[in-house]
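1. fold the following and give me the result.
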Amino acid sequence: MHPKHTTIAIFRALMVPAVLLAAPLARAADTNASDANSARGIVKAISEATITSTIGERIQSLPFRDGQEFKADDVLVKFDCERLRADLRAAVAEHKGFEATYQSNVTLNRLHAAGSNDVKVSRANADKSQATADGLQARIKECELHAPFAGRVAELDMHEFEIPSPGSPILKIVDDKHLEVEVIVPSKWLKFLKIGLPFQFRLQETGNSYKGTVSRISGVVDPVSQTVKVVGAPAAIDDTIRPGMSIVAQFDTNGQ
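-> Alright, predicted model coming up:
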């Protein structure tokens, strides 16, 4: 082979692996550039609540199961409160008796047949019995627990016919139509982060991407990790998004 042709062949042989090596290096560079302005976070419900009881009565019905949707003011829990209603009837009857005694003592006092102390004591008994009836009436209002907002049952901790102790959780609810995303970002991004800053985020569970804007920035920086919490509002959502999903948010860091 001519020496010139040999040199060209060797050059081409060296160029092939160089070209093959350049492609993954370019992709790696793109990935690193992407990672440099991305941060991980989660989807959170703006409104959520744990429904508890203060009356300690037996659960009569739980109309909604885990995952089911409900509307605002729907009954989420109904208790068997017949015992409380019986107590209320007794308290009302007792109050009527004390009220009658008070009115009688007022009349007798005018006729100088009863002392002023009798009037005061009977008035106090009537007021006390009224307070007892009012307290029972307030407890009976808690025999039905209504939804404070429209949403979905996220967790069911009790079942029908069980008697929850006061303060123990019965079910957890979330508003899955009004969501926000919470992201932990490097604190050095505070140089360009501001309310209203647009960003994009991708759901790791589905791969779907969405747009959002920064709505809140935490006033505290974690000194150990040198990070800060950023909360964003999605521009629009769909039925595939659920609270608790993981996201990767992409920010424009050109302002650094």
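
2. and stretch 118-125, how far from the chain's centre?
-> 50 Å (C-alpha atoms, centre = their mean, to the nearest Å).

3. now do the buried residues in that stretch.
-> 118-119, 122-123, 125 (16 or more other C-beta atoms under 10 Å). The way it works is simple: take the backbone N, C-alpha and C, and place the C-beta from them, glycine included.

4. got the CA coordinates for that stretch in CSV?
-> Output of stretch 118-125 as CSV, limited to C-alpha atoms (Å, rounded to 0.1, in the frame of the first residue of the first chain):
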residue,chain,number,x,y,z
ASP,A,118,-85.0,31.0,97.8
VAL,A,119,-85.4,33.1,94.6
LYS,A,120,-81.6,33.2,94.0
VAL,A,121,-81.1,29.5,94.6
SER,A,122,-83.9,28.5,92.4
ARG,A,123,-82.6,30.8,89.7
ALA,A,124,-79.2,29.3,89.9
ASN,A,125,-80.6,25.8,89.6
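
5. now it: average pLDDT?
-> Averaged across stretch 118-125, pLDDT comes to 93.

6. ditto for stretch 194-207
-> Computed over stretch 194-207, the mean pLDDT rounds to 95.

7. starting at the chain centroid, how far to that stretch?
-> Per C-alpha atoms, centre = their mean, the centroid offset for stretch 194-207 relative to its chain is 20 Å.

8. with stretch 94-110 instead?
-> On C-alpha atoms, centre = their mean, the centre of stretch 94-110 falls 52 Å from that of its chain.

9. tally of neighbours for the spatially closest residue to V43 that is not a sequence neighbour?
-> Nearest non-adjacent residue to V43, counting by C-beta to C-beta, 6 or more residues apart in numbering: M245, 4.5 Å away. Residue crowding around M245 was assessed by other C-beta atoms under 10 Å; the count is 18.

10. ok, T54 next?
-> So T54, with other C-beta under 10 Å, has 11 neighbours.

11. please apply the same query to A154.
-> 19.

12. next: the one 4 residues further on.
-> One way to gauge burial is a neighbour count; for M158, by other C-beta under 10 Å, it gives 18.

13. verify the stated contact: it with R58.
-> No. Counting by C-beta atoms under 8 Å, M158 sits too far from R58 to count as a contact (10.6 Å).

14. any common contacting residues for the two?
-> Shared contacts of M158 and R58 (C-beta atoms under 8 Å, 6 or more residues apart in numbering): none.

15. need the distance between the two termini of stretch 172-188.
-> Taking C-alpha to C-alpha, to the nearest Å, stretch 172-188 runs 37 Å from one end to the other.

16. try stretch 157-166
-> With C-alpha to C-alpha as the measure, what separates the two termini of stretch 157-166 is 14 Å.

17. wait, the residue nearest to V43 sits on I42?
-> Yes. Contact criterion C-beta under 8 Å: M245 and I42 qualify, at 6.8 Å.

18. strands of the stretch 51-200 of the chain, start to end?
-> Ranges of strands in the stretch 51-200 of the chain, per DSSP state E, counting those that start in this stretch, are 59-61, 69-70, 75-79, 144-146, 151-156, 169-174, 179-186, 198-203.

19. partner strands of the first one, with direction?
-> On the basis of DSSP bridges, the sheet neighbours of strand 59-61 come out as strand 75-79 (antiparallel).

20. which residues touch the partner strand?
-> For strand 75-79, contacts defined as C-beta under 8 Å, 6+ apart pick out 51, 53, 55, 57-64, 70, 142-147, 153, 170-171, 173.

21. at 10 Å what do you get?
-> 49, 51-53, 55-64, 70, 139-140, 142-148, 153, 158, 160, 163-164, 170-171, 173 (C-beta atoms under 10 Å, 6 or more residues apart in numbering).
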